[in-house]
Each structure stands twice: as C-alpha cells, then as structure tokens.
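Chemist: quick one, structure for this:
(2 chains)
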Amino acid sequence: MTEMRKISVKVNGKAYEAEAEVRMHLADFLRQKLGLTGTHLGCEHGVCGACTILLDGRTARSCLTLAVQVDGHEIMTIEGIADGDTLHPLQEAFRDNHGLQCGFCTPGMLTTLIELLRDNPDPTEEEVRIGISGNLCRCTGYQGIVAAALDAAKRMRALS
Amino acid sequence: MSAQGIGEPVRRKEDFRFLTGQGTYTDDMNRPGQLYAYILRSPHAHAELNGIDISKAQAGPGVEAIFSGKDMEADGVGGLPCGWLIHSKDGSPMNEPPHPPLAVGRVRHVGDSVAVIIAATREQAKDAAELIKVDYKELPAVVAVEDATKAGKPQLFDAAPNNLCYDWHLGDKAATEAAFAKAHHVTKIDLVNNRLVPNAMEPRSAIGEYDRATGLHTLYTTSQNPHVIRLLMGAFVLHLPEHKLRVVAPDVGGGFGSKIFHYAEEAIVTWAAAKIQKPVKWTSDRSEAFITDAHGRDHVTHAELAMDKDGKFLGLHVQTLANMGAYLSTFSSCVPTYLYATLLAGTYTTPAIYAEVKAIFTNTVPVDAYRGAGRPEATYVVERIVETAAREMGIDPAELRRRNFVPRDAYPYQTPVALQYDSGDYFETLDMALKASDYLGFPGRRDEAAKRGKIRGIGMATYIEACGIAPSAVVGSLGARAALYETAQVRVHPTGSVSVFTGSHQHGQGHETTFAQIVADKLGLTVDQVDIVHGDTDKIPFGLGTYGSRSLAVGGSALVMSLDKVIAKGKKIAAHLLEASEADIEFKDGKYTVAGTDKAKTFGEIAMTAYVPHNYPIEELEPGLDETSFYDPKNFTFPSGCHIAEVEIDPETGVVKLVNFTAADDFGRIVNPMIVEGQVHGGLAQGIGQALHEGCIYDRESGQLLTGSYMDYDMPRADDLPNFQVATNVTLCTHNPLGVKGCGEAGAIGAPAAVMNAITHALGIKDLLMPATPQRVWQAINPMRQAAE
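Modeler: Sure thing, here's the model as predicted:
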C-alpha cells in the first residue's frame, strides 16, 4: 500500500521529479507534491470533471489517473494555459461572457474546451453543450460557458 | 466614471485568478507542521454507540491522535447550536435536542460523526480508521415525515415525543375558515417538495490552528459567513472569546446555503489543533459531502384554495410536514416557518391565509437553508395550486393570476402573513414573460409537435421573495438569536485608492466587482482603484455574511452609508482647502467644487490632505479618511417575477425536453447586468434540476442514502438545458439607498413550479412527483400498463 515510486513528469512545460505512493492519484500528486493547486477535486469518482487535465494533449480525469501512470509523460493544467499574464483567448472569452462564478469547475471546463476547440475549431452550440456535458457546474447554468466557448472559437479562428 | 459605475456590465475583477488557477480555496492552503483528520462516520441510520476500540488504530503508521465524542465532552465542548427559536401553537418552545460534534451514546443518521483520526497523511488517517472497532447496537430507523409521527415508530430523542420538533402556525384560522365557508369553488392539492443536496462543487474543508505563544485559535473554513461561525463556535461550542479566535473563509467554491451553517468538523479541527498543538486539516470527499452537508427542502404539503365564482382568491389553508433530519442545523428551524409561511400570499391579494407546519426529526442528514430556503417551497405550493385552480375553473392561468395580483397602487401592501411588500409591478412582469415566451403562439407549436408525435405543454409561475434579511428587531421578535445587519468599512488610502472591508462574503457572486462598482460610481474612481476585502474576522469589523440574496441589499447599503460618510468628511476638508462654506461644496465625478465656480479639489487631493493634515481644520476634524457603518435593514426586500416553461415530452420514452424557459424578474436596481443574468441562469439550473433531475432518496426502512454519489444524484448538465430567455423589469426597493432587491435565489424559486405546471399541462394530469424522471412521466402516460405490471 505504501510503496513509493519516483515520478518524472513535465507539467506546463516544466520538468518535475517527485516521490509518491503508488496509490496516490494524479490530482493529489499535482496539488500536494507539485503545489499546483489550480486543479480541483470535486467528486473523486470521475463524474464532475473539475479535475480534468490534458495528458499528452488529451483530456483525462486526474482523480481517476494514478500518479505513477504519468511517469515520463507531459501534462497541461490550468496554470499552463495563459502566457504569463496574457490570457489565452479561451480565458478572455470566459471573462467576457461570464463563464465562471465561484471558479471551482473552471479548471476542468478550460482544459476540456482546449481539447474540444483544437479538434473542432468551429463547433455548433449543441456540440459545445455535448462536449462539456462531462463537466458539472453548479453556478452558471452553463449558458455563459457555452457562450464563452463559441466566442473563443471565433477568436481562435481569427488568430489562426 | 460611468463606464464602471452602477448599471454597467463590468468584467469581473476576480476572474483573472480563477482563470489562471491562482484562487486560494481552503484545501489549497497548508499550514506548517499540518496533520490530516479523517472522520469515522456511522454506517447505520440509528444505533446505540456502546464503545469504541481504538487500540489497534492508535498504533497505525503516522497516527498522532484519535478522539471520540467522550473526549470532547470531557473537555466541556458544547453542542452545535440552532440560531432560531420557534414556538409551537401552544406557546411551548421547540424541542431542541443536543447535537454534539462527535456523537455520544447514539448515532442518528448515516454519516453521523463517531471519531476523528489525526495522522501525518490523509491516507494514514483513513487506514487507521479501518482499524477502529465500534460496538453499535442497531436500532430501527425512521426516514419519512409521514411515518415519523405515527405511534410505535422509532424515536430519535426522549425529549422529542413523536419526533416532533415543533407544531407551529401562522395566520388567521377563523378568517380562513370563514373564507372557505363562502367559497364558490375549492381547489385541493397534495404536494411533495423533494429533498435536495446542494452540491456546491467545492467540498467542505477546514483547517484548525493554534498559536501557543498568543493563545490564538485560527480556523480556515469553507464558509459563507466567517463571523457567524466565530460567534457560534466560540460562544456555544468551544467557549473561546472572540479576540482569541480568528475565522478565515478564503475563496469558496459555491455555497447555495450549504456553507452558512456551523458544522461539526469546524469545531473538531479547531479543538483538536489546540489539543495536539499542531494544525489539523480536514477535507470532505464527495461521498462524505452527501451524508454531512445540510440538505434542502423535503416538505409534504396539503393545500386548499377557496375562490369566488370569478376566481378571486378568498382563502388559503396550508398544512406542511417539514423534515428536519436527525438534528437541528444552524438555521433549520426558521426555513419552514418564517421563510416559508410568510410567503404564502405570493403575488396575490388572498385576504385570509392559515398555515400549519409540523417540523419532524428523522434518521436523515439535517435539513437547512438551500438556495431560496422556504421561498421555493412556498412558491411551489402557491403556484401549483393556482395553476390547478385555473384549469378547474376554466380560466386562462395568466388571466386568473391577473385577477388576483396585488394592484399597482396598493403599495405598501400588507399581507395577511406578516410581510409588507414595498414595491412591485406583477402585471408588467407577467406581460414581459408572456411576450418573451410567445405565450400566444403556443397552440401552433403544440400542434406542430403533435405532428411529430410529441406532447407539448406550457406552464408558468409567478413568485415573490423576501430577501435582504432583515430588520434585527423584527427577526428577534420572531425568535432569531442573531442580528441581521451588515457592516462595511471604507478605508481611503492617502493617495486616494480604496480598500473596502465588508461583512458580506462572496463565493461566486462577484462582489469584488459589484461592490467596487458602487465605490467607483460614488467616488469617481475606476474599479481597479478599489479592492474589496472579505472573509477574515481579523480584517473585517464584523459581519453576518452572505445568504438569502442579502449581500447587495444589506451589505451594499452599509457600503453606501460609509461612502456617504467619506464624501461628507471630504466636503469639510474641501471647504477648508477651498476657503468656502461647506454648504457650497459639491461632490461629483471625483471632484469637490465650490458651487458656481471653477475652484476644485480632486478626491485624491482630499485623501492626501486627510492623512497629511498640514493645512487642515484640525480643531474640528480628526485626520484620516476611514469610515465604518452598520446597516440594519428597515424591511425585507421583495424581488418578484414570472417564469414560463415550455416542455416537449416523448410519449415513447417519457423523456421531458425543456424547449424554452423564460424568466422575467424584478430585482430593483441592477448594479451589474452581466452578473445578475449569471445569477438568474444558475438559479434556474438548480430549480430545473429539482423539477427534472434531482432527488435525494433514502431507503425507507434502513435509512441508507441511495443517491449518495454523482452517479446516483442527477444534476443538470450542459446538454440538459436550453438557453434561457431573461428579461428584467425594474421597480425600486423603497427603503434601501441603492433601491436593490436581490437576485441570487430567484431562479431556484420560480422554476420548479413553472416546469411542473408545464408537464402537468402537457399530460393533462393534476400532479406528478418531482423530479419528473422519464420513468415517472412514462408511467403517468401509461397508467394502465403501470397497473398491469
């Protein structure tokens, strides 16, 4: 149960090395071992999506991923989305469309939408709603988030 | 500075930190030398607690200490208090059984706390908990309010016979009986307001810390009202004086009422941290949240409405059984009484109302305020029975409502259930909703849907809220054990920037922006020149916190009071500097001017003068520019609205699709329309959740929670909801300086009745239980097949 492993992982472009129990999940590893508390735990059974991160570019629930599974891999979390103090167009669209209130589900919403908009740069509203249907938000009723995603898609298309 | 003042959709100041992962929620914090607590909880709904064997667990790796209820009792720790005393019909005070933070002698619901294990890591604490042997003697449990009062049923407390907490009433019984005696028609309905789990996305968390050198206890906690926690925990539970107890509620990830209350874990970590002289952190997981966060609603109601031949309401009689759960949570007792029965007039002139409420203990998680708190339950009763009455009388539901609305010229309007509405215009708001929802076009849409084999229905609900709680003396006379004013300190810094210290607390509402807009508007600053500080009892003078849509109406009013004092003091300074009479000084757009001249001083110059008083009326005026106010409301505020839901039902599957939802609301003056719209959307999602998705289900025999995870408790997801049509009507609140009424709960109040009225309209039935799941709807469509099965 308490066997320790050394884990080497690149997070938001920076290399980290830390020890963790084999039973530790990735979200706890990010939050407790690496001090990256931007990733949030809402349910720890893979249903709310708050802990979603990008693992080698694809979304993953960090509460359902063991820390040992990411040894030698690359991760992106909410802390890695902005360029310094310059917000990513998706983050700007969230601010402009009131896509967040308490901010707790926001890390998972952003990472999920980074993937969605990369794979589908011009989604319909229905595609966005289905795309984020694995992420629970209790504050916004989703309307601001959907508007933000569609607005971000437009901004990102204009940039590319 | 109108671009950032009142009425502007200013982008939120708080968003940058949340969008970049830099928020500081309680579980993000760690204190030096911190240990972790895990709480062992009862797996039984009702059992005698005969002994706890911790010998093996104590030897577990990393274990520092294990405590049970007896250890806390031995230290003189008190029970968790209830903040509102209700008296029964016969004048007797409610039954108020003790609620120890860790159970002593008996456990009364699944999740009741039994022992706390403190270890170097959370995992070690959990491992050790598995080694604890608890000697339980299981007792039969009672879960449903209809069962709990029957003879021979399990009793939770010796001091509460028949599990009765109180048997309360409000209104004029004789007048109501007389109204029914002369009625042309009486509509009757039986309703269940389903139990809900608030489910803020951030699980609760608490860190206790003790500084031996100063004797200072600190609690970091996920709270909507840190001063209230300090008061309750300090005075009643741990017996600590306020000056030795600091409570910090940093960024909080949603509350919806569930983080108002003083919870056992807050007292446990604060007490244990002093006991072992090390910081102790506890964080709930989601399973634990389901069985420890206070639940909401859970009413069983019979209601009757008496009308004359024209549909004019003559009288309303309401009988409600309210489930309190196993203990009285902090504000539980006022929810089904003064926050419920007082709202039963709704938007109507019903002259006689009589409400009877029995509050019942059961072996379930305590029930307390959840978004709307009593007002959704009242609205559900009024608006379901009004819609039913319209169908029975053959009157269009909108028309029946119009016939009974409080007239435009009737304000202030005194209801027969204690409240006095100050302003409103229900006719205009109804018309806005009818227009926005294309109510008149419904028959065409229904026919079109029928061609596709779908059944359409449309339903509406109007609502009234009592927000901005409340005049302290009024609530005190009704049994509140707390005051309900709010505080604001405005500290103008020497260079003219401002820090505001508010007793309101934000956990998603955006106060850091809206409160800054008020300052910007009044003082002629930009919002970036203003910081809003909240959530720390060491920084804020005092506070009652955020719940019941009160922050802007009460906290915002306190802020305006302090700003007015700042401006007034500035006038005296400006008069001195400009060598003019104070009466001739005007303040506008950040400048003090002598009326009719171009002589002026900027706000920044005045601030600097206040702190560097070289040329200053020092004989008459203190230096500095820092003002504090306590604002005690003169009345409740009364937001109102009309919500219209349109549904399309697939008769093959019973799936209800919400195809359109319109909310027309009157919140008084709006400070930030973007934020208000977001509050409406969020409230609607929770109200629609109650109607279509959410329901907390206990096994009626064992008392086990069957909906204890996100796999079982269904909250609305993005693809379950439409885009909402939102409109606002504005009638100003007449008794607070901003004219604001509050907007946070409206959606959750109006939506359930609107949706259920639409579903029952579509199906041509009188009632259906919430949530209207596909199974329930399908069974309603296919009663014969259901009976045959």
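Chemist: and whichever strand or helix holds residue B:288, what does it pack onto?
Modeler: Residue B:288 belongs to helix B:286-292 when assigned by DSSP states H and E. Secondary-structure packing of helix B:286-292 (3 or more CB pairs under 8 Å, 6 or more residues apart in numbering or on different chains; DSSP states H and E): strand B:35-41. Where you see a C-beta, it was placed from the backbone N, CA and C, and this is true even at glycine.
Chemist: helix, strand, or coil at the nearest residue to residue B:744 once chain neighbours are set aside?
Modeler: Spatial nearest neighbour of residue B:744, chain neighbours left out: residue B:549 (4.3 Å); criterion: CB to CB, 6 or more residues apart in numbering or on different chains. At residue B:549 the chain is in coil, as set by DSSP: H, G, I helix; E, B strand; the rest coil.
Chemist: so residue B:549 sits against residue B:740, correct?
Modeler: No - counting by CB atoms under 8 Å, residue B:549 does not reach residue B:740; the two are 9.6 Å apart.
Chemist: mind listing what's buried in the helix or strand harbouring residue B:779?
Modeler: Assigning secondary structure by DSSP H and E places residue B:779 in helix B:774-781. Within helix B:774-781, the residues that qualify as buried are B:776, B:777, B:778, B:779, B:780, B:781, counting by 16 or more other CB atoms under 10 Å in any protein chain shown.
Chemist: coming back round to it: C-terminal to the helix holding residue B:288, what's the next element?
Modeler: Next element after helix B:286-292 (DSSP H and E): strand B:299-307.
Chemist: ok, now which ones touch residue 125?
Modeler: Picking chain A for this. Under the criterion of CB atoms under 8 Å, 6 or more residues apart in numbering or on different chains, the neighbours of residue A:125 are A:146, A:150, B:723.
Chemist: looking at chain B here, not the other one
Modeler: So residue B:125 contacts B:36, B:37, B:38, B:62, B:63, B:117, B:118, B:119 (CB under 8 Å, 6+ apart).
Chemist: give the burial count for the fourth one, as a bare number.
Modeler: I take that to be residue B:62. 16 (other CB atoms under 10 Å in any protein chain shown).
Chemist: before we move on, back to that, most neighbours among the contacts of residue A:125, which one is it?
Modeler: That'd be residue A:146 among the contacts of residue A:125, by other CB under 10 Å, with 24 neighbours.
Chemist: report the beta-bridge partners for residue A:76.
Modeler: residue A:54 (DSSP bridges).
Chemist: and for it, the neighbour number?
Modeler: 20.
Chemist: OK, contacts around it?
Modeler: With CB under 8 Å, 6+ apart, residue A:76 has these contacts: A:11, A:12, A:53, A:54, A:57, A:111, A:114.
Chemist: spatially nearest residue to the second one (excluding sequence neighbours)?
Modeler: Here the nearest residue to residue A:12 in space, its sequence neighbours aside, is residue A:80; by CB to CB, 6+ apart that works out to 2.8 Å.
Chemist: what number of residues lie near residue 138?
Modeler: With no chain named, the answer covers chain A. Neighbour tally, residue A:138, other CB under 10 Å: 28.
Chemist: hmm, no, I was thinking of chain B.
Modeler: Other residues close to residue B:138 by other CB under 10 Å number 13.
Chemist: am I right that it is in contact with residue B:46?
Modeler: Yes - if you go by CB under 8 Å, residue B:138 and residue B:46 touch, sitting 7.3 Å apart.
Chemist: which pLDDT value goes with residue 29?
Modeler: Went with chain A since none was named. Looking at residue A:29, its pLDDT reads 98.
Chemist: not what I meant, chain B
Modeler: Value for residue B:29, per-residue pLDDT: 98.
Chemist: how about the closest residue to it other than its chain neighbours, secondary structure?
Modeler: Closest residue to residue B:29 apart from its sequence neighbours, by CB to CB, 6+ apart: residue B:220 at 5.8 Å. With three-state DSSP as the basis, residue B:220 sits in strand.
Chemist: thinking again about what came up before, most widely separated two among the contacts of residue B:125?
Modeler: B:37 and B:62 (12.4 Å; CB to CB).
Chemist: and the chain, what are its domains?
Modeler: In the absence of a named chain, this looks at chain A. Split into domains by automatic domain parsing, chain A comes to A:4-80, A:89-159.
Chemist: other chain: chain B
Modeler: B:31-139+B:201-254+B:259-292, B:299-469+B:635-781, B:485-631.
Chemist: what's the span of the longest one, first residue to last?
Modeler: Using CA to CA, to the nearest Å, the span of domain B:299-469+B:635-781 from its first residue to its last is 26 Å.
Chemist: ok so, going back, so which of the contacts of residue A:76 belong to strands?
Modeler: A:11, A:53, A:54 (DSSP state E).
Chemist: coming back round to it: among the domains of chain B, which is the most enclosed?
Modeler: domain B:299-469+B:635-781 (a mean of 22; mean count of other CB atoms under 10 Å in any protein chain shown).
Chemist: of the contacts of residue A:76, buried ones?
Modeler: Counted by 16+ other CB under 10 Å, the contacts of residue A:76 give A:11, A:12, A:53, A:54, A:111, A:114 as buried.
Chemist: export those to CSV and append columns for distance to residue A:90.
Modeler: Shown next, in CSV, are those (distance: CB to CB, whole Å):
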residue, distance to residue A:90
A:11, 19
A:12, 15
A:53, 15
A:54, 13
A:111, 10
A:114, 7
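Chemist: tell me which residue lies nearest the centroid of chain A.
Modeler: residue A:111 (3.2 Å; CA atoms, centre = their mean).
Chemist: gap between that residue and chain B?
Modeler: From residue A:111 across to chain B, the span is 10 Å (CB to the nearest CB, to the nearest Å).
Chemist: where does the chain have low pLDDT?
Modeler: If you meant another chain, say so; for now it's chain A. Applying pLDDT under 70 to chain A flags residues A:1.
Chemist: wrong chain, I was asking about chain B
Modeler: B:1-2, B:784-789.
Chemist: by proximity to chain A, which residue of it wins?
Modeler: Proximity of chain B to chain A (CB to the nearest CB) peaks at residue B:21, 2.1 Å away.
Chemist: what sits closest to that residue if chain neighbours are left out?
Modeler: residue A:38 (2.1 Å).
Chemist: how is the residue of chain A found nearest chain B assigned, secondary-structure-wise?
Modeler: Residue nearest to chain B within chain A (CB to the nearest CB): residue A:38, separated by 2.1 Å. Secondary structure for residue A:38, judged by three-state DSSP, is coil.
Chemist: that one and residue B:662, how far apart?
Modeler: Distance of residue A:38 to residue B:662, computed by CB to CB, to the nearest Å: 37 Å.
Chemist: same check on residue B:350?
Modeler: Residue B:350 is 25 Å from residue B:662, by CB to CB.
Chemist: residues contacting residue B:611?
Modeler: Here residue B:611 is in contact with B:493, B:494, B:623, B:624, B:625 (CB under 8 Å, 6+ apart).
Chemist: how near is it to residue A:17?
Modeler: 51 Å.
Chemist: equivalent analysis for residue B:107, please.
Modeler: 46 Å.
Chemist: for residue B:36, same thing?
Modeler: The gap separating residue B:36 from residue A:17 is 24 Å, by CB to CB.
Chemist: do residue B:150 as well
Modeler: Counting by CB to CB - residue B:150 and residue A:17 are separated by 64 Å.
Chemist: one more: residue A:135?
Modeler: 31 Å.
Chemist: what about the two, which has more around it?
Modeler: residue A:135 (27 against 11).
Chemist: my guess is the more buried one contacts residue A:107. True?
Modeler: No - between residue A:135 and residue A:107 there is no contact under CB under 8 Å: 9.8 Å.
Chemist: re the thing from before, which stretch among the domains of chain B comes nearest residue B:172?
Modeler: Using CB to CB, those put domain B:299-469+B:635-781 closest to residue B:172, at 5.8 Å.
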